[in-house]
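Peer 1: Structure here, sequence nowhere to be found:
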């Protein structure tokens, strides 16, 4: 009886895929669900929806001017320190401008909610906006720190709201807990980024000692010129087009049972990439999506100003922000595929 060749690698690949989907899609989702359930159990469904709405509004404000400068920094990591520092300073300036724009857009959202008479939602949005810098900062430390950041949010959320639940369960305390989980997750991510298991370090040194340095070459050559704004615009254009398929699909699947699970699974497996080329053929569909969802985000709460409709408005505004971000970087696209799994849309 002959042994089927390649069966073991195939099984290993399937187990690896299952682990990747479970860890990168389901763990963050489970953390968000548990966090929201604790809040709803303490202060009621309506106030829990108000906190969730404020969080989605602030995320939408960030998406409008989102950049992906951090994606390029790996090209200078390990190279000339002078060039890396110059590129890093440029990335920090770009991220700072993006963050400032997000706060301005958040202010406009708060003005709109004031016109609706949603004063409680205004204060909640202001509190949640305090968490916006944490995500920008985490991106500056590379893909590993961002992955740790996502995991940390899944555990820090239930931890902080659980403490509030036991100590002082009010809507404002829970809002600060939601904002605080981002900063606590950032601290955890930075700590884990520097931590290495002793066994892993020993294996690394042993392998380095046994390797023939005369034939060793870096997998990616280090850049010899600093980062440019045009490069940031090009990679942001590519990655923003990859996001919109997932975010629209996730919104539509949200109306069916287990739709969120399906959307996250498909994203982790890369299904959204098949639709990304469609977003690059013409700008007019993007304009239509941006205009339509923006109109819906305005009209929905005007017709019926309730927590549920305000959450629907925030969801539509997030899609509008994604389409607007595609249009913002449209002309800079270089046609390359820079897509990787996102780190900022887990709630």
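Peer 2: Everything's here; your move. What you see is a predicted model; the values in this text were computed from it and never measured.

Peer 1: In this protein, mark out all the helices, start to finish.
Peer 2: Using DSSP state H, the helices of the chain run over 7-21, 27-43, 45-64, 81-115, 119-129, 132-139, 143-167, 171-194, 198-210, 229-253, 259-268, 283-303, 307-328.

Peer 1: count of neighbours near residue 96?
Peer 2: Burial of residue 96 is recorded as 12 neighbouring residues (other CB atoms under 10 Å). The C-beta positions use only the backbone N, C-alpha and C, and glycine is treated the same way.

Peer 1: cool, and residue 325?
Peer 2: 25.

Peer 1: ditto for residue 120
Peer 2: So residue 120, with other CB under 10 Å, has 15 neighbours.

Peer 1: How about the contacts made by residue 330?
Peer 2: 237, 283, 286 (CB atoms under 8 Å, 6 or more residues apart in numbering).

Peer 1: can you give me the mean pLDDT across stretch 169-182?
Peer 2: Per-region confidence: stretch 169-182 scores 94 on mean pLDDT.

Peer 1: From the rest of the structure, what touches it?
Peer 2: Here stretch 169-182 has contacts from 35, 39, 42-43, 47, 50-51, 54-55, 120, 123-124, 127-128, 130-131, 134-135, 153, 156-157, 159-161, 163-164, 167, using CB under 8 Å, 6+ apart.

Peer 1: From the residues you listed, keep the buried residues only.
Peer 2: 35, 39, 42-43, 47, 50-51, 54-55, 123-124, 127-128, 130-131, 134-135, 153, 156-157, 159-161, 164 (16 or more other CB atoms under 10 Å).

Peer 1: Kindly reformat the contacts of residue 330 as a markdown table containing distance to residue 329 and pLDDT.
Peer 2: Shown next, in a markdown table, are the contacts of residue 330 (distance: CB to CB, whole Å; pLDDT from 0 to 100):
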| residue | distance to residue 329 | pLDDT |
| --- | --- | --- |
| 237 | 4 | 81 |
| 283 | 11 | 81 |
| 286 | 11 | 86 |
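
Peer 1: From the residues you listed, list the buried ones, please.
Peer 2: 237, 286.

Peer 1: Tell me the one among the contacts of residue 330 nearest to residue 248.
Peer 2: residue 286 (11.1 Å; CB to CB).

Peer 1: give the contact list for that closest one.
Peer 2: Contacts of residue 286 by CB under 8 Å, 6+ apart are 244, 279, 323, 326-327, 330.

Peer 1: ok, those vs residue 30, which is closest?
Peer 2: Looking at the contacts of residue 286 and their distance to residue 30, the nearest is residue 244, at 25.3 Å (CB to CB).

Peer 1: Excluding residues flanking it in the chain, which one is nearest the closest one?
Peer 2: Closest residue in space to residue 244, ignoring its immediate chain neighbours: residue 322 at 4.9 Å, by CB to CB, 6 or more residues apart in numbering.

Peer 1: Over to residue 133?
Peer 2: Using CB to CB, 6+ apart, the closest residue to residue 133 is residue 99 (5.9 Å).

Peer 1: cool, residue 328 as well?
Peer 2: Residue 328 sits nearest to residue 65 (CB to CB, 6+ apart), 7.2 Å away.

Peer 1: Then residue 130?
Peer 2: Closest to residue 130 by CB to CB, 6+ apart is residue 179, at 4.9 Å.

Peer 1: separation between residue 97 and residue 66?
Peer 2: Distance check for residue 97 against residue 66: by CB to CB, to the nearest Å, it reads 12 Å.

Peer 1: Look at those two and report which has more neighbours.
Peer 2: residue 66 (25 against 12).

Peer 1: Just list the residues touching the more buried one, thanks.
Peer 2: Contacts of residue 66 (CB under 8 Å, 6+ apart): 98, 236, 240, 325, 344.

Peer 1: What is the burial count for the third one?
Peer 2: Just to be clear, that refers to residue 240. 27.

Peer 1: same deal with the first one?
Peer 2: Residue 98 is flanked by 18 other residues according to other CB under 10 Å.

Peer 1: next one: the second one
Peer 2: The number of residues packed around residue 236, counting by other CB under 10 Å, is 26.

Peer 1: in this structure, which helix or strand is least confident?
Peer 2: The weakest-scoring helix or strand in the chain, judged by mean pLDDT, DSSP states H and E, is helix 198-210 (a mean of 41).

Peer 1: avg pLDDT for stretch 150-160?
Peer 2: Per-residue scores along stretch 150-160 average to 91.

Peer 1: re the thing from before, in CSV, list the contacts of residue 286 along with pLDDT and distance to residue 313.
Peer 2: Output for these, formatted as CSV (pLDDT from 0 to 100; distance: CB to CB, whole Å):
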residue, pLDDT, distance to residue 313
244, 78, 19
279, 59, 24
323, 89, 16
326, 87, 21
327, 89, 21
330, 85, 26
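
Peer 1: low-scoring stretches of the protein, by residue?
Peer 2: Counting by pLDDT under 70, the ranges of the chain that qualify are 1-25, 74-79, 195-224, 253-281, 305, 334-347.
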